[in-house]
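Chemist: fold the following for me, if possible:
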Amino acid sequence: MLKSYFQIIRKVLSEKRVKGSIYYEAHHIVPKSFKKRSSTVLLTPQEHYECHRILAGELGKHPIYGQKMLWAFHRLAYDKQRKLTADQYAEARVMLMPLWKRKFTEEHKQNISKAQKGNTNNSSRVHKGMKSPISEKGKQALSELRRSQQTGKTGLDAKASKGTVICEYEKGIKIEAGSALQLSQLIQLPQSTVSYRLTKFPGVMKKGYKIYYKQ
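Modeler: Numbers count the residues shown, from 1 in each chain. Prediction:
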């Protein structure tokens with residue numbers, strides 16, 4: 001229950017922790033995805049993991065915040081610098097299973113179909129109707145990407161060390177980016193999903209798309 005979550009928070013607040021010789025991680029008491037003002041507390045890596053485990057377990061099925069709680073827990077559970085016990089890993093896999101089973105909505109499938117019909121050049125990086133009409137922020141990201149390809153620089157400070165990252169949909173639509181982070185912004189998927197596909201299933205078509213490094 002969330003009671004255990006607030007027990008951890010109250011305990012931490014009572015200790016009046018400060019950054020120093022002990023390694024702490026900052027944590028928003030009210031999750032950032034709630035879009036509410038929230039103070040942060042300093043947690044040990046173990047406490048941080050436990051807090052997000054509780055939030056994912058209690059709110060993972062929430063119709064609005066569920067997916068966000070699961071992805072936040074995913075980022076902690078699969079952090080390469082965070083060592084999980086066998087039991088913790090097994091528990092995380094079970095809790096995060098809904099993320100692996102996620103399916104495209106009918107609207108998403110229709111948008112991909114519209115993109116294919118409205119563009120004869122499948123190699124084009126941007127297609128109308130991919131997931132949603134491109135926003136001004138998306139246009140700026142694409143403009144920045146084009147500039148980076150011409151100058152050898154990127155607004156996100158560095159290109160992917162392994163080269164261009166590509167997302168290819170079942171009907172041949174391809175979107176290229178200079179890094180996993182850039183690609184996640186362009187195709188509107190969490191960076192953790194893009195990185196996971198590149199690591200575990202590079203070039204494998206799953207759920208209607210595949211992600212891989214350009215050869």
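Chemist: got a pLDDT number for the closest residue to Tyr49 other than its chain neighbours?
Modeler: Spatial nearest neighbour of Tyr49, excluding adjacent residues (C-beta to C-beta, 6 or more residues apart in numbering): Leu76 at 5.3 Å. No exception for glycine: its C-beta is placed from N, CA and C like everyone else's. Leu76 is assigned a predicted lDDT (pLDDT) of 85.
Chemist: ok, Leu76 - contacts?
Modeler: His48, Tyr49, His52, Arg82 (C-beta atoms under 8 Å, 6 or more residues apart in numbering).
Chemist: same thing with His52?
Modeler: The contact partners of His52, taken as C-beta under 8 Å, 6+ apart, are Met69, Ala72, Phe73, Leu76.
Chemist: give me that answer again for 6 Å
Modeler: By C-beta atoms under 6 Å, 6 or more residues apart in numbering, the residues touching His52 are Ala72, Phe73, Leu76.
Chemist: circling back: now, among the contacts of Leu76, which is nearest to Lys214?
Modeler: Nearest to Lys214 among the contacts of Leu76, counting by C-beta to C-beta, is Arg82 at 30.4 Å.
Chemist: touching, Ile166 and Lys214? I think so.
Modeler: Yes. If you go by C-beta atoms under 6 Å, Ile166 and Lys214 touch, sitting 5.5 Å apart.
Chemist: what helix or strand is the residue nearest to Tyr49 on?
Modeler: Element membership of Leu76 [criterion: DSSP states H and E] is helix 66-77.
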